[in-house]
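Student: sequence and predicted structure are below.
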Amino acid sequence: MTAPATGRRVGDGLAVGPDLTGAAEVATAQALGALEGAPADLVVFFVCPGATTQVAAAEVEAAGLRVMELAGAVAAIGATAHGVIADARGVEGEPAVAVWAASMPGTRVRAVAPVAERRPGAGPDGADAMTVRGLRTPDDDDTAAILLADPYEFPISGVLDRINQTRPGFPVIGGMASAPGGPGVNRLFVDGRVHPGGAVGVLLGGGTAPRIVVSQGCRPIGPPMVVTRAEHNRIGELAGRSAAQRLREIVAALPPDEQQQALRGLHIGVAVDEHADELGRGDFLVRPVLAVNAEEGSVVAGDVVDVGTTVRFQVRDAAGAAQNLYELLGPVRRSGPVTGALLFSCNGRGAGMFGDPDHDVRAVLTGLDPRCAAADPASGGSGAPGPRVAGFFAAGEIGPIGGRNHLHGFTASLLVV
């Protein structure tokens, strides 16, 4: 592998099989081998126990501990997953381990392990309150954070709001652990330790700032409109008329074959900067449409929408999601050399959306380096040209839209180095 001018080297590894400790050893060796002897500054890894947790929790923990033991990295973090991504492949529902390793001279890497504590009765009106300890404040020269969290036991939205307030514009990228089985199943890993909940992450400082991509996977339909009547997440009027009637007109104007797609994958984009001269795809925070009440003429969104906000209806389908991802990768490719990327893809994408668990990783590889389009997919990251990409299928993806960090669904979020 040829290192870019920055001296950065990135490797990825993937191993599949019920012997997770053995898989951890193989995947880690593959990832570190691509560094060609350079020290690993950061290792990020993911462990899938299988579709129905075929592999016991103790074996999952042993696999994660083995990755960290072998990595010898300045910082190593990991999480359990519904599926993993590496070696130009996505693997869903099978026991597997994916490892991403990076040598990044000039970049400072610091691990964090925030813990959430519930305080009974300490919130408003006697409700329980959550306190987060160990959330290190970014330094002035920190450029990004990677965060992996448990979706059941960590108040991720509140933490992201806090970061947005204290360090406006500071990007956080990552995802929610997604092992099957509900609360108590996920494991998080950091610097030789196993956590049954909470969150783990790293702060990246100094050096060249990583590039961030958040593909929300939607295409807009109809025009942008201002919300003229709303209560919480119930939108009553758009541009002075019934929101439901506006929606009916927009869908009716679509070609017949797209009308059913719109009804099946209907979302709404909320503008993140009302002062922007033009509003493109990346200027809307996409949220699902939960219901349409024809009787009262309202549209119920998956988030609070204020009066005066500009919104635009969106459709999420495989074609639109693929197109959106390709469009966003072009500027990143043209902005400078790409060595590797961490990919956080929703567990609703993969085979469920595209019919192919490899879709997102192959799209990322091709979008970042067109040479990968001609490479044999079977050769994967170990033999194909281009950047090394690894990641996992998450239960929620973290990334910035319009300069503010959010928790997303059905997105593909990327950290590119």
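Tutor: Arrived safely. Everything numeric here is computed off the predicted structure, so don't read it as measured data.
Student: end-to-end on stretch 38-58?
Tutor: Separation of the first and last residues of stretch 38-58 by C-alpha to C-alpha, to the nearest Å is 32 Å.
Student: next one: stretch 228-248
Tutor: Distances were taken as C-alpha to C-alpha; on that basis the terminal residues of stretch 228-248 are 18 Å apart.
Student: tell me the mean pLDDT over stretch 132-142?
Tutor: When the per-residue pLDDT values of stretch 132-142 are averaged, the result is 86.
Student: what are the contacting residues of it?
Tutor: Around stretch 132-142, the neighbours that count as contacts under C-beta atoms under 8 Å, 6 or more residues apart in numbering are 108, 110, 112-117, 145, 155, 158-159, 162-163, 166-167, 170, 203-206. In short, each C-beta sits where N, CA and C put it, glycine included.
Student: of the residues you listed, which belong to strands?
Tutor: With strands taken from DSSP state E, the overlap with the contacts of stretch 132-142 comprises 108, 110, 112, 115-117, 145, 203-205.
Student: which of the residues you listed lies closest to G352?
Tutor: Each of these was checked against G352 using C-beta to C-beta; the closest is A145, at 28.6 Å.
Student: surely V60 is within a helix?
Tutor: Yes. Assessed with DSSP: H, G, I helix; E, B strand; the rest coil, V60 lies in a helix.
Student: re the thing from before, which of the contacts of stretch 132-142 are buried?
Tutor: Among the contacts of stretch 132-142, those scoring as buried are 108, 110, 112-114, 116, 145, 155, 159, 163, 167, 170, 203-205 (criterion: 16 or more other C-beta atoms under 10 Å).
Student: sort those residues by pLDDT and name the bottom one.
Tutor: A116 (82).
Student: quick check: end-to-end length of stretch 258-269?
Tutor: Criterion C-alpha to C-alpha; first-to-last residue distance in stretch 258-269 is 18 Å.
Student: do the same with stretch 175-188
Tutor: 12 Å.
Student: please enumerate the strands of the stretch 101-250 of the chain.
Tutor: Assigned by DSSP state E, counting those that start in this stretch, the stretch 101-250 of the chain shows strands spanning 108-112, 115-119, 129-133, 142-149, 172-176, 188-190, 193-195, 199-205, 211-215, 218-220, 225-231, 234-238, 241-242.
Student: only alpha carbons, please: show the lengthiest helix in the chain as CSV.
Tutor: When the chain is scanned for its longest helix (criterion: DSSP state H), the result is helix 318-334. Taking C-alpha atoms only, helix 318-334 is exported to CSV below (Å, rounded to 0.1, in the frame of the first residue of the first chain):
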residue,chain,number,x,y,z
ALA,A,318,-33.0,2.5,-2.7
ALA,A,319,-32.4,4.6,-5.9
GLY,A,320,-32.6,7.9,-4.0
ALA,A,321,-30.3,6.7,-1.2
ALA,A,322,-27.7,5.4,-3.7
GLN,A,323,-27.8,8.7,-5.7
ASN,A,324,-27.5,10.8,-2.5
LEU,A,325,-24.4,8.9,-1.3
TYR,A,326,-22.7,9.2,-4.7
GLU,A,327,-23.3,12.9,-4.9
LEU,A,328,-21.9,13.6,-1.5
LEU,A,329,-18.7,11.5,-2.1
GLY,A,330,-17.6,13.4,-5.2
PRO,A,331,-16.5,16.6,-3.4
VAL,A,332,-14.7,14.6,-0.8
ARG,A,333,-12.8,12.7,-3.5
ARG,A,334,-11.8,15.9,-5.2
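Student: tell me which residues of it come out buried.
Tutor: 318, 320-322, 324-325, 328-329, 332-333.
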